[in-house]
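> The amino acid sequence is not available; the structure is as follows:
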């Protein structure tokens, strides 16, 4: 019995620590701290020509201007798609103004649109550009970040309506860029060079995405945010802090692939021609007191434009929301190596991916992710029905043995060792396990982890409503017992934000445990009594979708276990078990 106690306590403590500790004491406070930080000040970046083998255009420092001011100051081409509002800067032909029509900063539909890309030299400057680098010995004037491109009057970039930009270097080279966009978040850029001189010229294609200032990240293990790419068949995930403090610059050779930046829900990625050999770079640049991060690639094979001829190079840019279906479609359509890894499915992707697809499929039928979670919980219960039945049957047998267990305690009131020996002999003789009650919880934990990953990482869950006050399944229940669920005009501290659904979860967990006989060992009994309360406070900081799953799972377990107990001829005595589990009620009953 002593050995079982030890294993039981270790299992419960480790499970609780792994699942809840980092979220409650680190992740949620860190997120709140990040939300309170003011925007960082960034620097403007301009560039010039570089030779192959070196990094693409460098940078200099300039004054910070508001985003709206920078956008209004320059000549631009409007982008109009079903999902994007924004524009392309004709200075440098930079993608530096991308906003999302379907995503807002909060659940309020009137809140501002999410802005991904912003002009250089603004707070949170973040932009992408393409171009050519001259081969060694070539002195041709090439377009750069300050080049002003020409576009048709009133041109608007839309799906099925590409826009062509032109620039003449005045020395016999004419550059054109034909930009097209699909109905989601993918841009295709065809760069063509017309050579009117008498000599051939060789150019190397390059592209870069630059992010000015260190972005705010959650900094938790369940989610990666930073520089990312697949260039040599392997996924590279580089944290901002590591690149800034240690590495400074990482170069990877490969063919095709992709590289860029990923946030929790949004991402940008350069997608070169998949047959192009290239050198990809992840780097940190210090500009005065600010930090600049850049991902770029430089082609290894020059494109030769013959005298009197032309040549072209096409690559792509993804700048959008990490919608699973869209990400997968891009990878499949263009043969982009492991582009699906843009979404952080984690080590247990074999659980998280199928669970996501099942949730999305059911949501497509019922129209609500919260209902989909409830239905998936039922499916999981059915899948594990035989195993859980065996556990509940064992617990029912334990219930039948309760009188004999009490008799053993009465016969050996002062000899704990003797009690444990006789209890173990009884368990062995009747073929029951005192730990059988833990099995349903242990079965639920892997599903809990997978569901947590899906709810926390996938954008499909962002701002997904349930019913009533739950308007975002990916956020904690916004109510709190300690201000009477909004009746009192104040917001309780973070530790006391215990909402309606966490309380429902705690009650259902406690009631489920009351179906089982009170453990004869005092340590186990106290753990069973305190566990629901601890879980209630811990889960209060988790996404509401998870809490709803756990509460619904508890309720289904109560029904399942009650049915099995009755089938085994065991009385379902909620109130008796509740009384026995509370020392003050038990004492009152015995004295009465």
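Received the coordinates, thanks. Keep in mind the model is a prediction, meaning the values are calculated, not measured. Numbers count the residues shown, from 1 in each chain.
> CA only for contacts and neighbour counts going forward, please
Fine.
> need the helices for the stretch 151-300 of the chain, in chain order.
For the stretch 151-300 of the chain, applying DSSP state H, counting those that start in this stretch gives helices covering 240-242.
> swap that for the stretch 451-592 of the chain, please
Using DSSP H, counting those that start in this stretch, the helices assigned to the stretch 451-592 of the chain run over residues 500-514, 522-539, 544-567, 574-581, 583-591.
> nearest residue to residue 174 other than its sequence neighbours?
Take residue 174 and drop its neighbours on the chain: the residue closest to it by C-alpha to C-alpha, 6 or more residues apart in numbering is residue 168, 4.4 Å away.
> tally of neighbours for that neighbour?
17 (other C-alpha atoms under 10 Å).
> buried set for stretch 86-106?
86-101, 103-104 (16 or more other C-alpha atoms under 10 Å).
> On the pLDDT front, check the residue most central in space within the chain for me.
Central residue check for the chain by C-alpha atoms, centre = their mean: the C-alpha nearest the mean position is that of residue 457, 2.2 Å away. The predicted local distance difference test score for residue 457 is 90.
> which residues touch it?
Listed by C-alpha atoms under 8 Å, 6 or more residues apart in numbering, the contact partners of residue 457 are 223, 264, 265, 343, 344, 345.
> same thing with residue 150?
Counting by C-alpha under 8 Å, 6+ apart, residue 150 touches 90, 165, 166, 167.
> Those residues in strands, which ones?
Assignment to strands by DSSP state E places the following of the contacts of residue 150 there: 165, 166, 167.
> Could you single out the nearest of these to residue 403?
residue 165 (87.1 Å; C-alpha to C-alpha).
> what bridges to that closest one?
Counting by DSSP bridges, residue 165 is bridged to residue 177.
> wait, it sits on residue 189?
No. With contact taken as C-alpha atoms under 8 Å, residue 165 and residue 189 are classed as non-touching, separated by 10.5 Å.
> list residues touching both of these two?
Shared between the contact lists of residue 165 and residue 189 (criterion: C-alpha under 8 Å, 6+ apart) are residues 177, 178.
> out of the two, which sits in the busier spot?
Each of residue 165 and residue 189 has its neighbours counted (other C-alpha under 10 Å); residue 189 has more, 21 against 18.
> for that one, what are its contacts?
Residues in contact with residue 189, defined by C-alpha under 8 Å, 6+ apart, are 177, 178, 179, 180, 314, 315, 316, 317.
> what pairs with it across the strands?
With DSSP bridges applied, residue 189 shows beta-bridge pairing to residue 179, residue 315.
> Return the residues in contact with residue 76.
When contacts are counted by C-alpha under 8 Å, 6+ apart, residue 76 touches 87, 88, 89, 90.
> Let me know the distance separating the third one from residue 165.
Right, residue 89. The gap separating residue 89 from residue 165 is 11 Å, by C-alpha to C-alpha, to the nearest Å.
> Repeat that for the second one.
Between residue 88 and residue 165 the distance is 11 Å, computed by C-alpha to C-alpha.
> What of the last one?
Shown here: residue 90 relative to residue 165, a distance of 8 Å by C-alpha to C-alpha.
> The spatially closest residue to residue 280 that is not a sequence neighbour: neighbour count?
Nearest in space to residue 280, with sequence neighbours left out and distances taken as C-alpha to C-alpha, 6+ apart, is residue 297 at 4.2 Å. Taking other C-alpha under 10 Å as the neighbour definition, residue 297 ends up with a count of 30.
> what do you get for residue 564?
Counted with other C-alpha under 10 Å, the neighbours of residue 564 add up to 19.
> can you offset everything so residue one is 24?
Okay, residue one is now 24; in that scheme the one you just asked about reads as residue 587.
> so it touches residue 414, yeah?
No. No contact is recorded between residue 587 and residue 414 when judged using C-alpha under 8 Å, the distance being 10.1 Å.
> now residue 125: how far from residue 108?
For residue 125, the distance to residue 108 (C-alpha to C-alpha) stands at 10 Å.
> tell me the secondary structure for residue 124?
With DSSP: H, G, I helix; E, B strand; the rest coil as the basis, the three-state label of residue 124 is strand.
> And the pLDDT for it?
Reading off the confidence values, residue 124 has pLDDT 95.
> Spit out the residues that contact residue 113 and residue 188 alike.
Common neighbours of residue 113 and residue 188, counting by C-alpha under 8 Å, 6+ apart, are 172, 173, 174.
> how close does the first one sit to residue 156?
By that I understand residue 172. Applying C-alpha to C-alpha, the value for residue 172 to residue 156 is 17 Å.
> go on, the second one?
Counting by C-alpha to C-alpha, the separation of residue 173 from residue 156 is 21 Å.
> got it, and the last one?
From residue 174 over to residue 156 the distance is 23 Å, taken as C-alpha to C-alpha.
> Same drill for the two, tell me which one is more crowded.
A side-by-side neighbour count of residue 174 and residue 156, using other C-alpha under 10 Å, places residue 156 first with 26 against 19.
> tell me which element that one falls in.
Taking DSSP states H and E as the definition, residue 156 sits inside strand 149-157.
> Next, the residues that contact that strand from outside, please.
72-75, 79, 115-120, 139-143, 163, 165-167, 214, 225-235.
> mean confidence score for it?
Rounded mean pLDDT across strand 149-157 is 96.
> Check stretch 557-564 too.
Averaging the model's pLDDT scores along stretch 557-564 yields 88.
> chain center to it: distance?
For stretch 557-564, the separation from the chain centroid amounts to 21 Å (computed by C-alpha atoms, centre = their mean, to the nearest Å).
> Flag every buried residue along it.
Of the residues in stretch 557-564, 558, 559, 560, 561, 562, 563, 564 count as buried by neighbour count, 16+ other C-alpha under 10 Å.
> ok, now how distant is the fifth one from residue 519?
Separation of residue 562 from residue 519 (C-alpha to C-alpha) stands at 12 Å.
> Kindly report the same for the first one.
When C-alpha to C-alpha is applied, the distance between residue 558 and residue 519 equals 13 Å.
> And for residue 525?
The value you get for residue 525 to residue 519, if C-alpha to C-alpha is used, is 12 Å.
> joint contacts of the two?
Between them, residue 525 and residue 519 share the neighbouring residues residue 560, with contact defined by C-alpha under 8 Å, 6+ apart.
> got any ranges where this structure has weak pLDDT?
For the chain, applying pLDDT under 70 flags the ranges 24-85, 415-416, 418-419, 422, 456-467, 539-544, 547, 591, 593-615.
> Outline the domain layout of the protein.
Structural domains annotated on the chain: 69-367, 376-609, as defined by automatic domain parsing.
> just the strands in the stretch 124-273 of the chain please.
136-140, 149-157, 179-180, 186-191, 196-204, 209-218, 224-235, 249-253, 258-261, 272-278 (DSSP state E, counting those that start in this stretch).
> circling back: going by distance to residue 454, which of the ones in strands among the contacts of residue 173 wins?
Using C-alpha to C-alpha, residue 188 is the member of the ones in strands among the contacts of residue 173 that lies nearest residue 454, at 79.7 Å.
> tell me the contacts of that closest one?
Applying C-alpha under 8 Å, 6+ apart, we find residue 188 in contact with 172, 173, 174, 175, 199, 200, 201.
> For these, pick the one with the most neighbours.
Neighbour counts for these peak at residue 200, which has 25 neighbours (criterion: other C-alpha under 10 Å).
> about what we covered before: reformat the helices of the stretch 474-615 of the chain as a markdown table; add distance to residue 360.
Supplementary listing: the helices of the stretch 474-615 of the chain in a markdown table, determined by distance: least, C-alpha to C-alpha, whole Å:
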| stretch | distance to residue 360 |
| --- | --- |
| helix 523-537 | 42 |
| helix 545-562 | 38 |
| helix 567-590 | 33 |
| helix 597-604 | 57 |
| helix 606-614 | 62 |
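> Pick the most buried one from the ones you listed.
When the helices of the stretch 474-615 of the chain are scored by mean count of other C-alpha atoms under 10 Å, the highest mean neighbour count falls to helix 523-537 (a mean of 23).
> pretty sure residue 397 is touching residue 577, no?
No. The pair residue 397 / residue 577 is not scored as a contact, 11.6 Å apart, by C-alpha under 8 Å.
> Good, we can wrap up now.
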